[in-house]
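J.: next come a sequence and a model predicted from it.
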Amino acid sequence: MSRTHAEVDVLIIGAGVVGAAIACRLSQLEATVAVIERRHDVAEETSKSNSGIAASGWSLPTEGLEAQLVCASSPRWEDICGRLGVPFCRCGSVVIARTRHEADRIPELLRNAEANGVEARALTAEQVVRAAPHATPRSAGGIEIPAEGVIDSIRLTIGYGELAALNGVRFFFGEPLLDAINSGPEVVEVRTPGTVLRPRFVINAGGLGADAVSGILGGEDFQITARRGEFLLMDREFGRRVPRILATMPTEHSHGVMVIPTAHGTCLLGPSAEDLDNKHDRSTSAEVLQRVLRECRTLMPDIDERYAIKSYSGLRPHSDRTYRIEPSAKMRNVIQVAGIRSTGVSASPGIADYVLTLLEEAGLAAPPKTTAHDRLDTPPSGGTVVCPCEKVTAAQVHRAMSSALPARSISGVAKRTHATWGRCQGAACLADVSFIVSRYLGGQAWEVPYGEPGTTLGVARARHA
Amino acid sequence: MPRPAALKVVVAGAGQRGLLCAAKLAGAGVEVTVVERLPAPGGQEPERSADQLAESAAVAGARVLLGTMAVRFGGIFVEVLGAGAAGRLACDALVVATGSRPATRAELGITGDRCAGVVPGPAAVQLTRAGVLLGHRPLIAGSGEFALRCAREQLAAGASEVSLTMPADSPPAVGAGIRVFPGYRVVSVHGASRVEAAVLRGHRESVRVPADTLILAAGIRPMRNVEGAIEPRDGVFFCQPRTEAAAPHDADMAASETASLVRTMLGREITRIT
């Protein structure tokens, strides 16, 4: 098979929320942009399974780039989500001090919030319950942060990607970075199994794999490890009792578990935090999930675990230095966007703008594209319902398969529409969804992939059919 | 005394129970609308009698809207979404007759990898009939008749060996090619991209069984997807099988019970109002 050869102004490596946000930002300019991604779709790793919080940045260290970019992004969600059709809700959060000792930190955290320009109010135990009726009545006080929100991070990534694709950005999926050819301190050619790309600038948005990408490009030597978070997804029937985020007091390193409403009306419990030796173990265990439940009950005592729809885990990048967003000191046309730990979703619009200024400083002179789209069409409503739990119509599944950034698998449809992701977990709709997918992909019905190539629905044609 | 207007009842689901219940209510003078998500009556597994039942309901005076789903109950109306259009149907009560399903992976407490090849029982039945062999060595998490049927269908479709977990009192031999694990339940599945094995726990020991797909066919749960009518509340009547054994057999009785319950409750309301 012959490879695709192309010269591009900017090559983005990685189609998670960060890579997609950058692609979307650059698609507004007169520049040729390509994205290579090792997985079969956008949002296949950290951006797929996270807490879905659009953070305000209230507790982040004021001096850091992370706080700067999260705080710059937070006020923009209504606008961005409106244009990209992404479910979002600025529900606010209540942070709960469970002991006197934890309550002692409230003044210091309020000062931090003020320094970051984020509104935060101290609450007494009575006020905690008034602000969040589902919260424990036995707290030692808390903090209310009205600007915190929840977002569908998968749909956000897809929205960024779809708008970018609509504006001419080329996405190459299933294309892991194989090698790079350098000329002195510049990357001149990048190869994947199916492409040979000659970029003027390269952006390393490799997420969990950003360390390996940097190594192949000849950039800095750093290490990224995976921290696993296990979650329980709770039914909407439980979710309607959870109007706001409940969180434990943040520490410098972690947020602890949370009770999180989702932008779809369901609720998430989690995450756990387990450091892994590898970067692909997304398994869950009964012990950890029980621990998550126990911890969450210290925030919200009345949690009925029978409302759990599914459990899953996500891996987030962990590195000694976070928010390494800068031109590489070794390869002058490479920009590192690495170590974006758990706030990638929350900072993505800010990161995209920041990376654009870095590119301009490095010599990218691209005027705005006057014909660029800045919003996506509203998806079709009405029609035959395929997925009764999430009320997804056949028309919506067809749109998912035929958009500017189409789904190529059952999970691709689920990510775009939520079909098969409701309370019956596909009992009612998996077959119908897979038949629609197979019509677009061609081939036999059993060959339809759940996700990556090889994860086929079946193993062969059934004998009697 | 003014004559009360005809009572309006929406029945969600045109399976056996929904249609029987609709016919009985309509026969008693209630204004009944049956809404069915799918384009044909009969529910998930249409029986031969489905068209006949739909006709009986229509003859009794019920209106049947196919390709239309009840998505939300708002106390005095039902919001519908369908091939025709989206809109609201005014009603005094909602009968939920949307059938049942086996328990999900989370409800069965199965942890481990989230790999491909874990298939809900009803989807497995549909896919197999449409020509998809789900696995050469499927494992079926089961508890009753439905799981046994799944197991036999998998063999007939070309599976080389079928493993089946069942309750402790099940007979260990149910047919050639089916390996039964009585008293075991699936606790976790493992596999890098697709199911490779599952761990079963019995009373004394755990065993690891190689398998390339896991079909979830254990337990029975009411299928509930009309928002606002997931849990019991005023004006909502559930007409759904509660036990696996009851599923097809007691439909007629369950429909009668529901219909008379609806009439009694609504009758009381009306008396109070007038």
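T.: Nice, I can see it. Numbering: from 1, shown residues only, chains lettered A, B, ... in the order given.

J.: domains of chain B?
T.: Listed by automatic domain parsing, the domain ranges of chain B are B:8-101+B:221-273, B:105-217.

J.: and residue B:194, how many neighbours?
T.: Applying other C-beta atoms under 10 Å in any protein chain shown, we find 18 residues neighbouring residue B:194. No exception for glycine: its C-beta is placed from N, CA and C like everyone else's.

J.: now residue A:330
T.: For residue A:330, using other C-beta under 10 Å, the count is 15.

J.: contacting residues around it?
T.: By C-beta atoms under 8 Å, 6 or more residues apart in numbering or on different chains, the contact list for residue A:330 reads A:185, A:218, A:219, A:220.

J.: now with 6 Å, please.
T.: Contact analysis of residue A:330 by C-beta atoms under 6 Å, 6 or more residues apart in numbering or on different chains lists residue A:219.

J.: check what pLDDT it gets.
T.: Residue A:330 carries a pLDDT value of 97.

J.: from chain B, how far out is it?
T.: Look at residue A:330 and chain B: by C-beta to the nearest C-beta, to the nearest Å, they are 35 Å apart.

J.: three-state assignment of that residue?
T.: coil (DSSP: H, G, I helix; E, B strand; the rest coil).

J.: swap in residue A:140?
T.: Following three-state DSSP, residue A:140 is assigned to coil.

J.: repeat that for residue A:57.
T.: coil.

J.: also the one 5 residues further on?
T.: Classification of residue A:62 into helix, strand or coil gives coil, according to three-state DSSP.

J.: try residue B:23
T.: helix.

J.: next: residue B:127.
T.: helix.

J.: once you drop chain neighbours, what's closest to it?
T.: Of all residues not flanking residue B:127 in the chain, residue A:431 sits nearest, at 5.0 Å (C-beta to C-beta, 6 or more residues apart in numbering or on different chains).

J.: helices or strands up against the one helix or strand that neighbour maps to?
T.: Element membership of residue A:431 [criterion: DSSP states H and E] is helix A:430-441. The criterion is 3 or more C-beta pairs under 6 Å, 6 or more residues apart in numbering or on different chains; DSSP states H and E, and the helices and strands that helix A:430-441 contacts are helix A:410-417, helix B:121-129.

J.: switch the cut-off to 8 Å
T.: Judged by 3 or more C-beta pairs under 8 Å, 6 or more residues apart in numbering or on different chains; DSSP states H and E, helix A:430-441 is in contact with strand A:385-387, helix A:394-402, helix A:410-417, helix B:121-129.

J.: quick one: closest of these to residue B:75.
T.: Nearest to residue B:75, of all the helices and strands packed on helix A:430-441, is strand A:385-387, at 21.8 Å by C-beta to C-beta.

J.: give me phi/psi at residue A:292?
T.: With angles defined as degrees, to the nearest 10, residue A:292 sits at phi -60, psi -50.

J.: count of residues packed around residue B:111?
T.: Residue B:111: 21 neighbours (other C-beta under 10 Å).

J.: in the helix holding residue A:431, what counts as buried?
T.: Using 16 or more other C-beta atoms under 10 Å in any protein chain shown as the test for burial, helix A:430-441 gives A:430, A:431, A:432, A:433, A:434, A:435, A:436, A:437, A:438, A:440.

J.: residues in contact with it: which ones?
T.: Residues contacting helix A:430-441 (C-beta under 8 Å, 6+ apart): A:386-387, A:394, A:397-398, A:401-402, A:406-410, A:413-414, A:419-420, A:426, A:444-445, A:447-449, A:457, B:119-120, B:123, B:126-127, B:130.

J.: report the buried members of those residues.
T.: Of those, these count as buried by 16+ other C-beta under 10 Å: A:386-387, A:394, A:397-398, A:401, A:406-410, A:413-414, A:419-420, A:426, A:445, A:447-449, A:457, B:119-120, B:123, B:126-127, B:130.

J.: how about the stretch 1-150 of chain A: which residue is closest to chain B?
T.: residue A:49 (9.0 Å; C-beta to the nearest C-beta).

J.: for residue B:137, see how far away that residue is.
T.: Distance from residue A:49 to residue B:137, counting by C-beta to C-beta, to the nearest Å: 29 Å.

J.: where does the stretch 251-400 of chain A have low pLDDT?
T.: A:252-254 (pLDDT under 70).

J.: quick one: which of residue A:49 and residue B:137 has more around it?
T.: When residue A:49 and residue B:137 are compared for neighbours, residue A:49 comes out ahead with 24 against 19, by other C-beta under 10 Å.

J.: who touches that one in this structure?
T.: By C-beta under 8 Å, 6+ apart, residue A:49 lies in contact with A:229, A:231, A:282, A:312, A:313, A:314, A:315.

J.: these: which ones sit near chain B?
T.: A:282, A:312, A:313 (C-beta under 8 Å from any C-beta of the partner chain).

J.: check the gap between the last one and residue B:43 for me.
T.: The reference is to residue A:313. In terms of C-beta to C-beta, residue A:313 sits 35 Å off from residue B:43.

J.: ok, back up a step: what's whichever helix or strand comes after the helix holding residue A:431 packed up against?
T.: Heading C-terminal from helix A:430-441, the first helix or strand you meet, by DSSP H and E, is strand A:460-461. For strand A:460-461, the packing partners by 3+ C-beta pairs under 8 Å, 6+ apart come out as strand B:132-133.

J.: in its sheet, which strands sit next to the strand it packs on, and in what direction?
T.: Applying DSSP bridges, strand B:132-133 is found paired with strand A:460-461 (antiparallel).

J.: quick one: residues in contact with the partner strand.
T.: By C-beta under 8 Å, 6+ apart, strand A:460-461 touches A:444, A:446, B:131, B:132, B:133, B:136, B:158.

J.: how far away is the residue nearest to residue B:158 when sequence neighbours are not counted from residue B:154?
T.: Once flanking residues are discounted, residue B:158 sits nearest to residue A:463: 3.8 Å by C-beta to C-beta, 6+ apart. Between residue A:463 and residue B:154 the distance is 10 Å, computed by C-beta to C-beta.

J.: the two: who's more crowded?
T.: Neighbour totals were compared for residue A:463 and residue B:154, and residue B:154 leads with 30 against 13 (other C-beta under 10 Å).

J.: now the end-to-end length of stretch A:407-425.
T.: 19 Å (C-alpha to C-alpha, to the nearest Å).

J.: touching chain B at all, it?
T.: Yes: applying C-beta under 8 Å from any C-beta, one finds stretch A:407-425 touching chain B at A:422, A:423, A:424, A:425.

J.: still on that earlier bit, closest one to residue A:166 among the helices and strands packed on helix A:430-441?
T.: helix A:394-402 (12.9 Å).

J.: chain B contacts on the stretch 101-250 of chain A?
T.: So the stretch 101-250 of chain A meets chain B at A:232, A:235, A:236, A:237 (C-beta under 8 Å from any C-beta).

J.: counting neighbours, which of the residues you listed comes out on top?
T.: Most crowded among those, counting by other C-beta under 10 Å, is residue A:232 at 23 neighbours.

J.: bridged to it, which residues?
T.: Beta-bridge pairing of residue A:232 under DSSP bridges involves residue A:269, residue A:311.

J.: follow-up on the earlier one: contacts only, for the residue nearest to residue B:158.
T.: B:133, B:156, B:157, B:158.

J.: pull the contacting residues for the third one.
T.: Right, the one you point to is residue B:157. A:462, A:463, A:464, A:465, B:128, B:133, B:134 are the contacts of residue B:157 under C-beta under 8 Å, 6+ apart.

J.: switch the cut-off to 10 Å
T.: A:458, A:460-465, B:124, B:127-129, B:131-135, B:138 (C-beta atoms under 10 Å, 6 or more residues apart in numbering or on different chains).
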